[in-house]
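Asker: Give me a model of this one.
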Amino acid sequence: MSSLPVDVIDQIASVPADLDAVRRRRPDTREYAQKYFESIFEPIDDSQLVVSDRWLLAAFVTRLTADDATAAYYAGEARRVAPEQAEAVLAAAERWVTSGPFGHYAEPGLAGENTDGLRLQAEDVDGIEPRLAAGLAHAHLVTYRLRETDGSSHDLLLNAGWSIDGIVTLSQVFAFLAFQQRVIAALTVLKAVAA
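Answerer: As a prediction, the model looks like this:
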């Protein structure tokens, strides 16, 4: 039996009845968002990315994006499933949170838009096993330096013990969290406006 909430977006955003009615106008969107969440955190097979690491990575990447209800939710869940590791991951998120985007474009015509900024490397993360540290560094890369993602960034994950399937799963986790965090932020704004 699932231990996950019936609708995590409603739970995190504390959606009141009037906004619940708005969300129910798009039942398929609501249903599939929840099913995607469940597929990430209660997968049939977690051999390529164990569930506890999924929660830890979610806590890290949502905190890099914002200090909001979504980040608080994932931090709480990470502490629940992996308490010792969660503290190290959350400390790393606090240390490496910044603003962006940063990075250098590969295309010469875009060189004028290159910017410098923080760059997290796996070896910069203390108290976390190397494979997960590489995942955190990749999360930082896609959050702040997306223009620099390429084959070499995936090679860093492969060299740290990630499989191709694991990297695909990692990308799916990050993509879903970006979607979810934006939906919850929008619902939070709508809730404030309605109040």
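Asker: And Ile39, what's its pLDDT?
Answerer: Small correction: residue 39 is Ser, not Ile. At Ser39, the pLDDT value in this model is 96.
Asker: From Val51, how far out is it?
Answerer: For Ser39, the distance to Val51 equals 11 Å [C-beta to C-beta, to the nearest Å]. From N, CA and C alone the C-beta is placed, and that goes for glycine too.
Asker: Now the terminal residues of stretch 16-27, how far apart.
Answerer: 17 Å (C-alpha to C-alpha, to the nearest Å).
Asker: typo on my end, stretch 10-21
Answerer: First-to-last residue span, stretch 10-21, C-alpha to C-alpha: 11 Å.
Asker: for stretch 94-102, same thing?
Answerer: End-to-end span of stretch 94-102 (C-alpha to C-alpha): 18 Å.
Asker: for this protein, which helix is longest?
Answerer: Longest helix in the chain, counting residues (DSSP state H): helix 164-194.
Asker: Can you name every helix or strand that it contacts?
Answerer: Applying 3 or more C-beta pairs under 8 Å, 6 or more residues apart in numbering; DSSP states H and E, one finds that helix 164-194 contacts helix 8-13, helix 17-23, helix 27-41, helix 51-65, helix 69-81, helix 130-144, helix 151-159.
Asker: just those helices: most buried one?
Answerer: Of all the helices and strands packed on helix 164-194, helix 51-65 has the most neighbours on average by mean count of other C-beta atoms under 10 Å, namely a mean of 24.
Asker: Dump the helices and strands packed on helix 164-194 into TSV; add distance to Gln181 as well.
Answerer: Below are the helices and strands packed on helix 164-194 laid out as TSV (distance: least, C-beta to C-beta, whole Å):
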stretch	distance to Gln181
helix 8-13	9
helix 17-23	16
helix 27-41	12
helix 51-65	6
helix 69-81	4
helix 130-144	11
helix 151-159	22
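Asker: What are the contacting residues of the least confident helix or strand in the chain by mean pLDDT?
Answerer: Every helix and strand in the chain was compared by mean pLDDT, DSSP states H and E; the lowest is helix 17-23, with a mean of 80. Judged by C-beta atoms under 8 Å, 6 or more residues apart in numbering, the contacts made with helix 17-23 from elsewhere in the structure are Ile9, Asp10, Ala13, Val15, Arg30, Leu187, Leu190, Lys191, Ala194.
Asker: do the same with stretch 110-120
Answerer: For stretch 110-120, the surrounding residues in contact (C-beta under 8 Å, 6+ apart) are 92, 96, 98-105, 136-137, 140-141, 144-145.
Asker: Tell me which two in these are the farthest apart.
Answerer: Pairwise distances across those peak at 27.1 Å for Ala92 and Tyr105 (criterion: C-beta to C-beta).
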